[in-house]
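Novice: Fold the stuff below for me.
(chains A and B)
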2 protein chains.
Amino acid sequence: MSKYWSELTRRLVPYVPGEQPKIEGLIKLNTNENPYPPSPKVITAIDVFDKKRLRLYPDPNSDQLKSALASYYGMTHQQLFVGNGSDEVLALIFQAFFKQPLPILFPDISYSFYPVYCNLFDIDFVQMPLNDDFEIDLSVYSARNGGVIFPNPNAPTGRVLGLAELQELLVRNIESVVVVDEAYIDFGGESAISLVNEFPNLLVVQTFSKSRSLAGARVGFAIGSAELIEGLERVKNSFNSYPLDMLAVTAAVAAIEDESYFESSRQQIIATREWLDGELKALGFSVLPSAANFVFASHNGHDAAALFAALREHKILVRYFSQPRIDQYLRITIGTQEEIEVLVAALRDIIC
Amino acid sequence: MSKYWSELTRRLVPYVPGEQPKIEGLIKLNTNENPYPPSPKVITAIDVFDKKRLRLYPDPNSDQLKSALASYYGMTHQQLFVGNGSDEVLALIFQAFFKQPLPILFPDISYSFYPVYCNLFDIDFVQMPLNDDFEIDLSVYSARNGGVIFPNPNAPTGRVLGLAELQELLVRNIESVVVVDEAYIDFGGESAISLVNEFPNLLVVQTFSKSRSLAGARVGFAIGSAELIEGLERVKNSFNSYPLDMLAVTAAVAAIEDESYFESSRQQIIATREWLDGELKALGFSVLPSAANFVFASHNGHDAAALFAALREHKILVRYFSQPRIDQYLRITIGTQEEIEVLVAALRDIIC
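Specialist: Residues are numbered from 1 along each chain as shown, chains lettered A, B, ... in the order given. Model (predicted):
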């Protein structure tokens, strides 16, 4: 603590991201990165970009990227917002819509950045318990609120909700903003983007970090009604005019334009996930049904923290949360088929 | 206005950056960009960077860049903070240190983002008038305050303060944080970084956008006491874990490492500025002494808004602020020698 810190700074408990260790030969299955590189067209686009132009400011509105996304999703420019990773997009959303007299609602087991944003922006919140099957039960989100946010599929569970349930929530909750955080939607869920034209209170957030293999480029976006996007732009333009650099925009545009690469890499990940699901069950794990690029699994004969440590000995890094209700689970990112085969062999070694 | 906007969002008046028009053949002297491209070593560094690595998250601490800066400025790692352009660094500073019961102080004519941050974070402020020569007079910054911030050199005036005056302010104001915003320091001022080890309340902010020709890459940084940097990291890690993408870090590191390119491009800009200063005076302009990569000039025979419009007809874009005290001034970014010769010829055309 320092006397120079604001009261706000003193009370912050920052988010702790998954480790980014620099260990040679490590199989890294801890931060839900895509095991496949970005599309070759992304690499070419960066290579041919005229780097002398970096002396100029980027377009503050990132129009080129908004146009590519608008055309991909069949939306208008006014329904699109882009930012420095979906984390920045979410932070700006909390300021723009969730700073309300009533508390916002989100699941008790969910993306652990949500309570951190609330703390930063002084927003009240109520955490709604997942049901016994670790599903988000939207029927309990009935209290008057300052907003609702949840990931779909949820993290770290991987469980996904269908659009019918979302639609019911949107109707019931038409007075406040509902944010669906779809970081993992491309691995098996149905996007709520199709509901945006119908619901002025819906905002859908996605990222290029997972299904587009661009975690290193920091690009996220939101799609919603023009009035929500306009509010978000106001906050963004009071914070940082140019959050997206020229190379990040170049990479993201090329990624959106290569549909066949996107399709084949996500199908490969889904296939590996299904294979891993079977293998884990054969080893005696309980595995939650996943629509994401990770699985969430526990073993009733083996302590999760001990399994985490044993895997690390094998130079395999997964994610462990020492947190009530989920402290007997491991979250395992889907790697390449080869990496996941090494993981299964290691688990077999440890368990059998 | 939308019913979904927070109270905060409703009252925001966002910052308006200088235009980034897409006009063929335009001479762009309106946003203080560097007329020279980034170092060839920056371009090579981006070219050889293995783009397949973009699938991974970047280092959340940008250690590689912090190390390069620490070694360049003779500081420790704990004295360095990096962010998505100095605008983001400043925004986080306002949250970390300026959210105080007492108002913060900054000049009445200065970077117009400061009052925008205050509005966004609900911070009281008092604007201190420049003196009649458009200088910041630090001797009047004597009231108890929640912090002090000013650009040095100041924008849009270009006038610079020496370290002795800063030092006096730092001693007098030891109870609150003093931020020196040195976006333009490399064009003629003396950096306050040399005072950081002496003053725990000093934070110096710089950017790669101007003297390093990397406006398009979005990299800024702050140097200060370890306790200030730690506070800033807390806020950053409650907002966005990974604000700097891999390519931005790669570019910035290479820029810092090419001292001779940096030295020759800034000397060229200084030489062109001195030439322009003489030419403008010969045309009857009053020109403030500038230590930045722009000049601030007025002509008592010609209205500034009319000159701005006439230059635009000549496809030359400068910056005009319709704001009390400075509405008879033009801010002209130093372009290449050739661009500035075209500007001078156009002004001669318009005026004579």
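
Novice: A:Asn34 and chain B: what is the separation?
Specialist: Note on A:Asn34: its distance to chain B, by CB to the nearest CB, to the nearest Å, is 5 Å. Backbone N, C-alpha and C define where each C-beta goes, glycine included.

Novice: Correct me if wrong: that residue contacts A:Phe262.
Specialist: No. A:Asn34 is beyond contact range of A:Phe262, at 10.4 Å (criterion: CB atoms under 8 Å).

Novice: Overlap of the contact sets of these two?
Specialist: A:Ser211, A:Arg212 (CB atoms under 8 Å, 6 or more residues apart in numbering or on different chains).

Novice: In terms of neighbours, single out the busier of the two.
Specialist: Each of A:Asn34 and A:Phe262 has its neighbours counted (other CB atoms under 10 Å in any protein chain shown); A:Asn34 has more, 26 against 18.

Novice: Now the phi/psi pair for that one, please.
Specialist: phi -80, psi 130 (degrees, to the nearest 10).

Novice: excluding its backbone neighbours, what's nearest it?
Specialist: A:Ser213 (4.1 Å; CB to CB, 6 or more residues apart in numbering or on different chains).

Novice: State the three-state secondary structure for the one you found.
Specialist: Secondary structure, DSSP: H, G, I helix; E, B strand; the rest coil: A:Ser213 is coil.

Novice: Tell me which residues touch it, please.
Specialist: So A:Ser213 contacts A:Glu33, A:Asn34, A:Tyr36, A:Pro37, A:Pro38, A:Ser39, A:Val42, A:Ala255, A:Ser265, B:Leu54, B:Arg55 (CB under 8 Å, 6+ apart).

Novice: rerun at 7 Å
Specialist: Residues near A:Ser213 by CB atoms under 7 Å, 6 or more residues apart in numbering or on different chains: A:Asn34, A:Tyr36, A:Pro37, A:Pro38, A:Ser265, B:Leu54, B:Arg55.

Novice: Would you confirm that the second one belongs to a helix?
Specialist: No. In this structure, A:Tyr36 is coil, not part of a helix, as judged by three-state DSSP.

Novice: State the phi and psi torsions of it.
Specialist: The phi/psi pair for A:Tyr36 (degrees, to the nearest 10) is phi -100, psi 150.

Novice: correct me, but it touches A:Ser265?
Specialist: Yes. Using CB atoms under 7 Å, A:Tyr36 is in contact with A:Ser265, at 4.5 Å.

Novice: And those two? Which one has more around it.
Specialist: Neighbour comparison, A:Tyr36 and A:Ser265: the larger count goes to A:Ser265, with 22 against 17 (by other CB under 10 Å).

Novice: Going along the chain, name the helices of chain A.
Specialist: A:7-11, A:40-48, A:63-73, A:85-97, A:113-121, A:163-172, A:226-236, A:246-257, A:259-282, A:304-313, A:337-351 (DSSP state H).

Novice: quick one, which of these is nearest to B:Tyr111?
Specialist: Distance to B:Tyr111, taken as CB to CB, is lowest for helix A:226-236 among the helices of chain A, at 18.0 Å.

Novice: Could you tell me which residues within stretch A:302-318 count as buried?
Specialist: For stretch A:302-318, the neighbour count (16 or more other CB atoms under 10 Å in any protein chain shown) marks A:His302, A:Ala304, A:Leu307, A:Phe308, A:Ala310, A:Leu311, A:Arg312, A:Ile316, A:Leu317, A:Val318 as buried.

Novice: Now the first one: closest residue in space that isn't a chain neighbour?
Specialist: In other words, A:His302. Nearest to A:His302 is A:Ile351, by CB to CB, 6+ apart, at 6.1 Å.

Novice: In contact with the one you found, which residues?
Specialist: Contacts of A:Ile351 by CB under 7 Å, 6+ apart are A:Leu283, A:Gly284, A:His302.

Novice: try A:Tyr184
Specialist: A:Pro153, A:Ala155, A:Lys210, A:Ala292, A:Asn293.

Novice: from the residues you listed, which is closest to chain B?
Specialist: Using CB to the nearest CB, A:Lys210 comes nearest to chain B of the contacts of A:Tyr184, at 9.6 Å.

Novice: what residues does stretch A:293-306 touch?
Specialist: A:32, A:34, A:156-158, A:184, A:187, A:210, A:269, A:273, A:276-277, A:280, A:284-288, A:290, A:307, A:320, A:322, A:327-334, A:351.

Novice: Chain B contacts on the stretch 51-200 of chain A?
Specialist: When proximity is defined as CB under 7 Å from any CB of the partner chain, the stretch 51-200 of chain A approaches chain B at A:51-60, A:84-85, A:87-88, A:91, A:95-100, A:116, A:119-120, A:177.
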